[in-house]
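Colleague: have a look at this fold, sequence not included:
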DNA sequence: TTGAAAGCGGTACCAG
DNA sequence: CTGGTACCGCTTTCAA
């Protein structure tokens, strides 16, 4: 079913069909009506490849690291909503933290000639930035970007967030903590882990043990197991994000450790699930709404705000998974 | 950057560039090398719109009802993996259970001339099937499809799953239960709720109260609140899926009810999270791997298996969120 | 207000 | 093995 067939059916020229479909310039109401009727009758659906070729596509790309983590889904949904009202459609890609897949996804987006691109990823491939600058596609990175002529970057101030978290734990008496991070954080970009190390470093009597796993429930559980094996004396487990914290929680429960009575646990991101776990997770809120808003502004708004960096300041959220340190002896008096 | 420019740079014709890029027929190694070099130097990225127009696109569409529910994400990932090895890329869409958005998404896919389509949705718009048949796009529906000349349908046997679940609860002594369903199930398609009603109907002394909410954690929590308000005497809460069950769990905890001691809770789908909640959820396993496999077979495999229905039989998974009914009196003796 | 026609950037067939 | 060329289906001037 092509535009031409519709045109013939409506006794007009293809150009007129195009005009009606795009609401561009004036078309006599008679012709318009005939076209609309023809479109319905023939169930005509314009070929978007052709449209994209001739016009220029009204779609933007969104690339995330891990769709299994609700944090990314939240951002995706925020962009989706913005795209909807701006009349864009979204092309989504998931990299699974693989730099190769990131590069492949970016290429795919470039190939589709997207009008804009948002990459909410932790991994990065050097050279990608250059490629993006080459194609002059308005882009918003999160964390891993370097502002460029047409590239904006959203930087989450993990450092600040971790400082708040560590200060809080320190005030509760914790002096030996474990960190459950991403495997991805073993690479060059590992902001969260570095933030923890730096924050811990500012307390002379605070020490941290580190383990890493995948960004999944299982990964969190396994990393918790590792960090506990390395040092059974830790009184708190700091997790790189909430999803992994949920996994850690499970590991602790299986070992008969009560949270926060015997050991404290913290998440990061403050996804919805953090409120629904038992106990609800103390976490650090990163506003997905704000990230989504920034992305939408830049991708769908007037092309004015170029080359800049946005900083997001995370907020500590206290819930029930953290508590004061108790002496080890007390632990054995528990009823359950 | 166009093919022609690359051709000029490599001192060959555009046709040869195309041949090199698609590995079609033979090209002298000299020319090939020059083309590859030119592509690299110019950072050439073929315009996929043009390619899709001239050739035919190698992409398939995947439409799901709710990306916030890991159930759908699991299926998406299964298809993503299959698409990767088959050399297809995926165009994803999320409907949020809106029939209008489903129609819009399908149109979008048709417009992109996808090679195949998988719609894992609970909502449906009559006429959509006809439209799909019109365009002869190989399609796989889940639940809501009607097998047609090029449409396959995967039917999850909710009835069987709910029967097992109800039989199990009945055997534990439950006689008054609540059902927490989707709002979406209030529409014409509400398999899970019907399955519950039918299963309950086969026991003369079993009664069920019903409430519905969104397919979210909050929705589950709210629906649980409603169903408990309607009948505080229920001894079990059957949830339409695990995500909602997690929400229900939270509501019960807030009320000081212990699961399963005071009240039992069941989920459905058996998503990963069901194993990580406290207590882990008794659920009914629906294999996303199997659904993903069927989709991949049909969309990426040889186009042989047409117009058929696949039935998935769910399996009961017992965990700790269900237990025998205790007399109401006992409830007050709880320590905590 | 409408139609004709020139691209948009590839693919694929055909001749050389 | 390679270049020329006719489309693919739509948008967008440019005239009429």
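Modeller: Everything's here; your move. No experiment lies behind these values; they were computed from the predicted model shown.
Colleague: from here on, just use CA atoms for contacts and neighbour counts.
Modeller: Noted.
Colleague: how long is stretch A:233-253 end to end?
Modeller: One end of stretch A:233-253 to the other measures 16 Å (Cα to Cα, to the nearest Å).
Colleague: swap in stretch A:18-29?
Modeller: Distance between the boundary residues of stretch A:18-29 (Cα to Cα) amounts to 15 Å.
Colleague: helices of the stretch 101-250 of chain A, residue ranges please.
Modeller: With DSSP state H, counting those that start in this stretch, the ranges of helices along the stretch 101-250 of chain A come out as A:128-135, A:158-171, A:191-201, A:217-230, A:242-254.
Colleague: highest mean neighbour count out of the ones you listed?
Modeller: Counting by mean count of other Cα atoms under 10 Å in any protein chain shown, helix A:242-254 has the highest mean neighbour count of the helices of the stretch 101-250 of chain A, with a mean of 25.
Colleague: any residue of it touching chain B?
Modeller: Yes - Helix A:242-254 comes into contact with chain B (Cα under 8 Å from any Cα of the partner chain), by way of A:246, A:247, A:250.
Colleague: tell me the mean pLDDT for the very next helix or strand once past that helix?
Modeller: Downstream of helix A:242-254, the next assigned helix or strand under DSSP states H and E is strand A:264-266. Throughout strand A:264-266, pLDDT has a mean value of 98.
Colleague: same for strand A:264-266, what does it pack against?
Modeller: With contacts defined as 3 or more Cα pairs under 8 Å, 6 or more residues apart in numbering or on different chains; DSSP states H and E, the packing partners of strand A:264-266 are strand A:236-239, helix A:242-254.
Colleague: off-centre distance for that strand?
Modeller: 22 Å (Cα atoms, centre = their mean, to the nearest Å).
Colleague: if we can go back for a sec, now the helices and strands packed on strand A:264-266 as JSON lines including mean pLDDT?
Modeller: Listed next are the helices and strands packed on strand A:264-266 as JSON lines, based on pLDDT from 0 to 100:
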{"stretch": "strand A:236-239", "mean pLDDT": "98"}
{"stretch": "helix A:242-254", "mean pLDDT": "98"}
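Colleague: of all the ones you listed, which lies closest to DNA strand C?
Modeller: helix A:242-254 (41.2 Å; Cα to the nearest atom of the strand).
Colleague: can you give the contact residues for the closest one?
Modeller: In this structure, residues lying in contact with helix A:242-254 by Cα atoms under 8 Å, 6 or more residues apart in numbering or on different chains are A:69, A:180, A:215-225, A:237-239, A:258-259, A:265-271, A:273-274, A:277, A:281, A:283, B:276-277.
Colleague: residue A:236 reaches residue A:259, doesn't it?
Modeller: No - counting by Cα atoms under 8 Å, residue A:236 stays clear of residue A:259, with 9.4 Å between them.
Colleague: kindly reformat the helices and strands packed on strand A:264-266 as JSON lines containing distance to residue A:8.
Modeller: Below are the helices and strands packed on strand A:264-266 laid out as JSON lines (distance: least, Cα to Cα, whole Å):
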{"stretch": "strand A:236-239", "distance to residue A:8": "64"}
{"stretch": "helix A:242-254", "distance to residue A:8": "57"}
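Colleague: nearest to DNA strand D, of the ones you listed?
Modeller: So among these, helix A:242-254 is nearest, using Cα to the nearest atom of the strand, at 43.4 Å.
Colleague: distance from the chain centre to that closest one, please.
Modeller: What separates the centre of helix A:242-254 from the centre of its chain is 21 Å, taken as Cα atoms, centre = their mean.
Colleague: what does stretch A:293-301 give?
Modeller: With Cα atoms, centre = their mean as the basis, the mean position of stretch A:293-301 lies at 15 Å from the chain mean.
Colleague: returning to what we had before: nearest to residue B:17, out of the helices of the stretch 101-250 of chain A?
Modeller: Distance to residue B:17, taken as Cα to Cα, is lowest for helix A:128-135 among these, at 20.2 Å.
Colleague: which bits of the stretch 201-336 of chain A sit near chain B?
Modeller: A:217, A:246, A:247, A:250, A:272, A:273, A:276, A:277, A:278.
Colleague: among those residues, which ones lie close to DNA strand D?
Modeller: Under the cut-off given by Cα under 7 Å from any atom of the strand, DNA strand D has nothing from these close to it.
Colleague: quick check: the two most widely separated of these?
Modeller: Largest pairwise distance in those, by Cα to Cα, is 17.6 Å, between A:250 and A:272.
Colleague: relative to helix B:128-135, how tilted is whatever helix or strand residue A:41 lives in?
Modeller: Element membership of residue A:41 [criterion: DSSP H and E] is helix A:29-42. On the basis of axes from the mean of the first three to the mean of the last three Cα atoms, to 10 degrees, helix A:29-42 is oriented at 90 degrees to helix B:128-135.
Colleague: hmm, helix A:29-42 in reach of DNA strand C?
Modeller: Yes - with Cα under 7 Å from any atom of the strand as the measure, helix A:29-42 is seen reaching DNA strand C through A:29, A:30, A:31, A:32.
Colleague: the second one: neighbouring residues, count only.
Modeller: Residue A:30 is flanked by 8 other residues according to other Cα atoms under 10 Å in any protein chain shown.
Colleague: then the last one?
Modeller: Look at residue A:32: counted by other Cα under 10 Å, it has 20 neighbours.
Colleague: show me what from the stretch 51-200 of chain A comes close to DNA strand C.
Modeller: A:53, A:54.
Colleague: tell me which parts of the stretch 51-200 of chain A are close to chain B?
Modeller: Residues of the stretch 51-200 of chain A lying near chain B (Cα under 8 Å from any Cα): A:52-53, A:67-68, A:70, A:73, A:91-92, A:107, A:110-113, A:131.
Colleague: what pLDDT does residue A:329 get?
Modeller: 46.
Colleague: residue of the stretch 51-200 of chain A nearest chain B, please.
Modeller: Closest residue of the stretch 51-200 of chain A to chain B, Cα to the nearest Cα: residue A:111 (4.8 Å).
Colleague: that residue and residue B:61, how far apart?
Modeller: Counting by Cα to Cα - residue A:111 and residue B:61 are separated by 18 Å.
Colleague: between those two, who's got more neighbours?
Modeller: residue B:61 (25 against 17).
Colleague: name the helix or strand for the more buried one, please.
Modeller: strand B:59-64.
Colleague: returning to what we had before: by mean pLDDT, show me the worst of the helices of the stretch 101-250 of chain A.
Modeller: When I compare the helices of the stretch 101-250 of chain A, helix A:128-135 is least confident, with a mean of 83.
Colleague: which residues touch that helix?
Modeller: Outside of helix A:128-135, the residues within contact range by Cα under 8 Å, 6+ apart are A:103, A:110, A:139, A:145, A:146, A:148, A:149, A:150, A:151, B:43.
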